[in-house]
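A.B. asks: structure, please.
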Amino acid sequence: MPTYIAAIDQGTTSTRCIVFDRSGAIVSLAQKEHRQIYPQPGWVEHDPDEIWRNTLEVIALARIKAKLQVGDIAAVGITNQRETTVVWNRRTGKPYYNALVWQDMRTADYVTRFSNDGGQDRFRAKTGLPLATYFSGLKLRWLLDNVEGLRADAERGDALFGNMDTFLVWNLTGGPQGGLHLTDQTNASRTQLMDLETLNWDEELLRAFDVPRAMLPEIRPSSGDFGTVSSEVLPGVPIAGILGDQQAALVGQTCFEPGQAKNTYGTGCFLLMNTGTELRHSTYGLLTTVAYQFRGQPVHYALEGSVAITGALVQWLRDNLGIIKNSADIEKLAGSVDDNGGAYFVPAFSGLYAPYWKADARGVIAGLTRFVNKGHLARAVLEATAYQTVDVVRAMEQDASVKLSSLRVDGGMTVNDLLMQFQSDVLDVPVVRPTITETTALGAAYAAGLAVGYWNGLDDLRQNWGIAQTYEPKMAQDTRNRLLHGWQKAVERSFGWEG
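C.D. replies: Presented below is the predicted three-dimensional model:
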């Protein structure tokens, strides 16, 4: 009987392979970063071939580190940065262009054009999504309009589209030699081309976006059959689960009951609340999305609040300003002062996502005086993550008519105690960090393991979840009100900067 489950976590900044045992503990981990390509302001690209090479490398490294045989792995799950859009040739496997990353803003003019005919919410009833630069549909349309020869190849059925999950599955299952062109419902729900109720590509949406159906992958449930690996890194091992990264974290946090929510602190911040089998449309600027569908179960939906820039702001402080040498240094620098000194940082580098959806917003630092030093700036950078999360939580509470009782957190920034405590303080609820913080990869492993019977059911997964630390709110109400009022003023200063 195979002993482990492997998860490929293809993220915004790196690709990882993590091997888990039955208790959800990490047996082996390998990681490799890929280049962030910025051809011009607002454009963000990745090289798909580089990501594919890195994927093979991290799988091999994870096996070598733990001395694993192919027969030790029961199944592979995949989780991925969502919305990042790639098109490649079915015969050669070569991408037509770099992948357009979810943060990429080159489709801003398309958003305006499409919104002029029916408003920003014209597709929201079907897709749960507003028109925004964020989603795959407009990125794909840009590629079709701007890459020479692509549209003709797409009409012929020679050009394939997918988010990164689809690109990896196609390559892992044979590539030009019979690779399977598949995606799951969570990734498909981020393209703005799928109907949330039918869980199929929608002809009306395809016509509106002018996307040839022949390009699109087959949509399957998140946990099930996605073929077997033909590559020499894991030959014959079934690929049995795919989840977009934020849905994977929801599963990894075992948020299987309606009303349970998690927040992932990574490059951006993503708060998801399980709304059960009920499709709930947001009236407060949140997204409606597919949470997951396991074999033999109905589809589950979620409300999502997406914040574009959180961990990326720490990287910006490190790389663009040189104020810190390593990302981890920010906690010590921020802790060198008692508060933000009146300074607020609104990181609207790619506009503002939920709940504002202001593509014309840009980053601002507000409230500066001669008193403010680099410690205050570092603190303002961390606090920006917590304030943006408060905005999303409040919108979610209004949409779901449920008051959050605690927040489960995961992702790289959760090791920062100062941030987690401040998050609890401004939210006024306990913040709970689990024992296993690699919940994104774990969720993909869970989806794959459930499909092949490695885990028997959701109760097995719930038993794996344990608490490492709980942060209780300690802030006085008047202090909280004053800080949040300052944040609101700063956010409003960022609006309408472009145009």
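
A.B. asks: moving C-terminal of the lengthiest helix in the chain, what's the next helix or strand?
C.D. replies: For the chain, the helix that runs over the most residues, judged by DSSP state H, is helix 374-400. Toward the C-terminal end, the helix or strand that comes next after helix 374-400 (DSSP states H and E) is strand 407-410.

A.B. asks: average pLDDT for the helix or strand that comes right after that following strand?
C.D. replies: Stepping forward along the backbone from strand 407-410, the first helix or strand reached (DSSP H and E) is helix 417-427. Across helix 417-427, pLDDT averages out at 96.

A.B. asks: also stretch 268-283?
C.D. replies: For stretch 268-283, the per-residue pLDDT values average out at 87.

A.B. asks: cool, stretch 290-302 as well?
C.D. replies: For stretch 290-302, the mean pLDDT works out to 92.

A.B. asks: now do the buried residues in that stretch.
C.D. replies: For stretch 290-302, a neighbour-count test (16 or more other C-beta atoms under 10 Å) marks 290, 291, 292, 293, 294, 299, 300, 301, 302 as buried. Where you see a C-beta, it was placed from the backbone N, CA and C, and this is true even at glycine.

A.B. asks: flag the shaky bits of the stretch 151-300 of the chain, pLDDT-wise.
C.D. replies: Under the criterion of pLDDT under 70, none of the stretch 151-300 of the chain is flagged as low confidence.

A.B. asks: if we can go back for a sec, strands - which of the buried residues of stretch 290-302 land there?
C.D. replies: Here DSSP state E is the test, and the buried residues of stretch 290-302 give 290, 291, 292, 300, 301, 302 as lying in strands.

A.B. asks: how far does stretch 377-395 sit from the chain's center?
C.D. replies: 18 Å (C-alpha atoms, centre = their mean, to the nearest Å).

A.B. asks: how far away from the center of its chain is the helix or strand that contains residue 484?
C.D. replies: Element membership of residue 484 [criterion: DSSP H and E] is helix 477-494. Once both centres are worked out by C-alpha atoms, centre = their mean, helix 477-494 turns out to sit 27 Å from its chain's centre.

A.B. asks: same check on stretch 456-464?
C.D. replies: 24 Å.

A.B. asks: just the endpoints, please. Distance across stretch 367-379?
C.D. replies: 13 Å (C-alpha to C-alpha, to the nearest Å).

A.B. asks: cool, stretch 233-251 as well?
C.D. replies: Across its full length, stretch 233-251 reaches 26 Å between end residues, using C-alpha to C-alpha.

A.B. asks: go through it and flag the buried ones.
C.D. replies: Of the residues in stretch 233-251, those with enough neighbours to count as buried (16+ other C-beta under 10 Å) are 233-234, 237-251.

A.B. asks: still on that earlier bit, quick check: mean pLDDT across the longest helix of the chain?
C.D. replies: 92.

A.B. asks: determine the set of other helices and strands touching it.
C.D. replies: strand 261-265, strand 269-276, strand 300-307, helix 311-319, helix 329-334, strand 344-346, helix 417-427, helix 477-494 (3 or more C-beta pairs under 8 Å, 6 or more residues apart in numbering; DSSP states H and E).

A.B. asks: just the CA trace of stretch 97-104, in PDB.
C.D. replies: Once non-C-alpha atoms are left out, stretch 97-104 reads as follows in PDB (Å, rounded to 0.1, in the frame of the first residue of the first chain):
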ATOM      1  CA  TYR A  97       3.500  34.000 -25.300                       C
ATOM      2  CA  ASN A  98       4.500  34.300 -21.600                       C
ATOM      3  CA  ALA A  99       1.800  33.500 -19.100                       C
ATOM      4  CA  LEU A 100      -0.100  36.600 -18.100                       C
ATOM      5  CA  VAL A 101      -0.100  36.600 -14.300                       C
ATOM      6  CA  TRP A 102      -3.300  37.300 -12.200                       C
ATOM      7  CA  GLN A 103      -1.800  40.700 -11.100                       C
ATOM      8  CA  ASP A 104      -1.300  41.800 -14.800                       C
END
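
A.B. asks: residues in contact with it?
C.D. replies: Defining contact as C-beta atoms under 8 Å, 6 or more residues apart in numbering, one finds that stretch 97-104 is touched by 12, 36-37, 42-48, 51, 81-87, 106, 133-134, 139, 142-143, 147, 150, 164, 167, 267-268, 308, 312, 350.

A.B. asks: among the residues you listed, which ones are buried?
C.D. replies: The neighbour-count test (16+ other C-beta under 10 Å) marks 12, 36, 42, 44-48, 51, 81-87, 106, 133-134, 139, 142-143, 147, 150, 164, 167, 267-268, 308, 312, 350 as buried among these.

A.B. asks: where helices are concerned, which of those residues count?
C.D. replies: 48, 51, 139, 142, 143, 150, 164, 167, 312.

A.B. asks: thanks a lot, see you next time.
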